[in-house]
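In: dropping a prediction and its sequence here:
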Amino acid sequence: MTIQWFPGHMTKARRQIQEKLSLIDVVIELIDARLPLSSRNPMIDEILQGKPRLIVMNKADLADPAVTKQWIAYFKQEGHMAVEADASSGVGLKEIPILAKELLRDKIEKQIAKGMNPRAVRALIVGIPNVGKSTLINRLAGRNIAATGDRPGVTKGQQWIKVGTDMELLDTPGILWPKFEDQNVGYKLAVTGAIREEILNVEDIAFFAVKYLVRYYWEPFKERFDLKEPPQDDENPDEIVAVMEAVGRKRGCLVSGGRVDLEKASSILLRELRAGKLGRYSLEAPY
Ligand code: G4P
C-alpha cells in the first residue's frame, strides 16, 4: 500500500519507533534486496540511536543473487551484519534469531559470567511500506499476526511473539519512509511495485526499467520479448522508446494505424518484470 508521507507522518513514525527502542535489544532492518539503498530510510542511523541492528535483505528470491552477495559483503565492510531472506517462502529466516543473538554476544556473555540467566533477545522489525514486514512477522510467528498493508500512525495493542526459545518479536513493525529527494529512487521503488503506478507515469516507469534492462540484463530481456539488437546508444531516448514499442508489438498492444499503445505495453512489461518473468534482477549494486 502506498502512503503519502508528510512531515507530520514522519515525525510520528519516528517517535513511535523511538518509543519502542527502550523495550528491545535488537532492530531487524528490512530492506528490498533488489534496491538496498532506495528501500532504506535516509535517517535510519539517527533514528535507531546505536541500537544493535541486523539488516535483512528481503525478496532475495527476486534479486540478482550475485549482486545480493556483493551487498552483504558491502554491509559487512560498513560494520553491519546482513543476511538475505525470502519472507514469502521462509528461506533464510532460520538464521535471523541466531544472528540477532550473535549481535548481543558480549552482553549475553557478561550476564552469564555474573551468574544471570539471559532472557530471549527482544527484537523490532522496521522498514518502509511493502518491503515485507508483515509477511516476515507472520512467518516468524508461524501464524497470522500482522495485517499486511500499513499506515503510519495506526497502532494497536502490542504483544511479544515468541520465535523459538531465543527471540521475542514485537508484533507491530516500525514503519519508515523511503528517501524521496532523488527522483530515481521513486522510479526504482515504482519498478518493483513498492509505489503505485498512479503516482508516477506508467510509461516513465517502464522507460526507466527498459533503460536499465537494456544496460544490465539484455539477454533475458531480449529472450522474453524476442528483441533483435540492443540499442546502440542507451542514452538516446528514441532508441529506448523503440525497444518499448517492440515489446508492445510482441504483446499485441496495437492501436489504429498500427501504432503501439505504449501505456498498455508499459503496464504489461512492468507486470511481467515484477512477477519475475524476466528472471531475477537488482536495480542497485554497491560497486
Ligand atoms: P509490509 O508489511 O512491509 O508493507 O509488506 P507486506 O508484508 O505486506 O508485503 C508486501 C508484498 O510483498 C506482499 O505481496 C508480500 O507477499 C510480498 N513479499 C513479502 N516478502 C517477500 C519475499 O521475500 N519475496 C517475494 N517474492 N515477495 C514478498 P502482496 O501484498 O500479496 O502483493 P502481491 O504479492 O499481490 O503483489
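Out: That came through fine.
In: near the ligand, which residues of the stretch 1-150 of the chain?
Out: With C-beta under 6 Å from any ligand atom as the criterion, the stretch 1-150 of the chain comes near the ligand at residues 58-59, 61-62, 86-88, 127, 129-135, 148-150. C-betas here are computed from N, CA, C, even on glycine.
In: mind checking which of those residues land in helices?
Out: Restricting those to those inside helices, with DSSP state H as the criterion, leaves 133-135.
In: mind putting these into a markdown table with neighbour count and distance to Thr172?
Out: A markdown table is the format used below for these (neighbours: other C-beta atoms under 10 Å; distance: C-beta to C-beta, whole Å):
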| residue | neighbour count | distance to Thr172 |
| --- | --- | --- |
| Lys133 | 26 | 9 |
| Ser134 | 21 | 10 |
| Thr135 | 19 | 14 |
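In: picking that back up, from the residues of the stretch 1-150 of the chain next to the ligand, list the buried ones, please.
Out: The neighbour-count criterion (16 or more other C-beta atoms under 10 Å) marks 58-59, 61-62, 86-87, 127, 129-135, 150 among these as buried.
In: show me the contact partners of stretch 67-87.
Out: Contact with stretch 67-87 is made by 33, 36, 53-61, 63, 91-93, 95-96, 99, 102-103, 132, 135-136, 139, 282, 284-287, as judged by C-beta atoms under 8 Å, 6 or more residues apart in numbering.
In: equivalent analysis for stretch 280-287, please.
Out: Counting contacts by C-beta under 8 Å, 6+ apart, the residues touching stretch 280-287 from outside are 33-38, 61-65, 67-68, 70-71, 73-74, 188, 191-192, 212-213, 216-217, 273.
In: I'd like to know which of the residues you listed are buried.
Out: 33-38, 61-64, 67-68, 70-71, 188, 191-192, 212-213, 217, 273.
In: okay, and which of those residues map to strands?
Out: The strands, defined by DSSP state E, take in nothing from those.
In: quick revisit: filter the contacts of stretch 67-87 down to the buried ones.
Out: 33, 36, 53-61, 63, 92-93, 96, 99, 103, 132, 135-136, 139, 282, 284.
In: Gln77 and the ligand, how far apart?
Out: Here the criterion is C-beta to the nearest ligand atom, to the nearest Å. By it, Gln77 lies 24 Å from the ligand.
In: and for Met244?
Out: Going from Met244 to the ligand by C-beta to the nearest ligand atom gives 23 Å.
In: now do stretch 18-32: distance from first to last residue.
Out: The distance separating the two terminal residues of stretch 18-32, taken as C-alpha to C-alpha, to the nearest Å, comes to 22 Å.
In: show the average pLDDT along that stretch.
Out: Averaging pLDDT along stretch 18-32 yields 97.
In: quick one: buried residues of that stretch?
Out: Neighbour-count burial for stretch 18-32 flags 20-21, 24-32 (criterion: 16+ other C-beta under 10 Å).
In: and for stretch 160-176?
Out: When burial is assessed from 16+ other C-beta under 10 Å, stretch 160-176 yields the following buried residues: 161, 163, 167-176.
In: what are the phi and psi values at Arg139?
Out: Here is the backbone geometry of Arg139 (degrees, to the nearest 10): phi -60, psi -50.
In: which residues sit in contact with it?
Out: Residues in contact with Arg139, defined by C-beta under 8 Å, 6+ apart, are 87-88, 90, 93.
In: for the residues you listed, which two are the farthest from each other?
Out: Ser88 and Leu93 (10.5 Å; C-beta to C-beta).
In: what about the chain, any weak spots by pLDDT?
Out: Low-confidence segments of the chain, defined by pLDDT under 70, are located at 1-3, 146-157, 197.
In: JSON lines for the buried residues of stretch 18-32, including secondary structure?
Out: Below are these laid out as JSON lines (DSSP: H, G, I helix; E, B strand; the rest coil):
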{"residue": "Lys20", "secondary structure": "helix"}
{"residue": "Leu21", "secondary structure": "helix"}
{"residue": "Ile24", "secondary structure": "coil"}
{"residue": "Asp25", "secondary structure": "coil"}
{"residue": "Val26", "secondary structure": "strand"}
{"residue": "Val27", "secondary structure": "strand"}
{"residue": "Ile28", "secondary structure": "strand"}
{"residue": "Glu29", "secondary structure": "strand"}
{"residue": "Leu30", "secondary structure": "strand"}
{"residue": "Ile31", "secondary structure": "strand"}
{"residue": "Asp32", "secondary structure": "strand"}
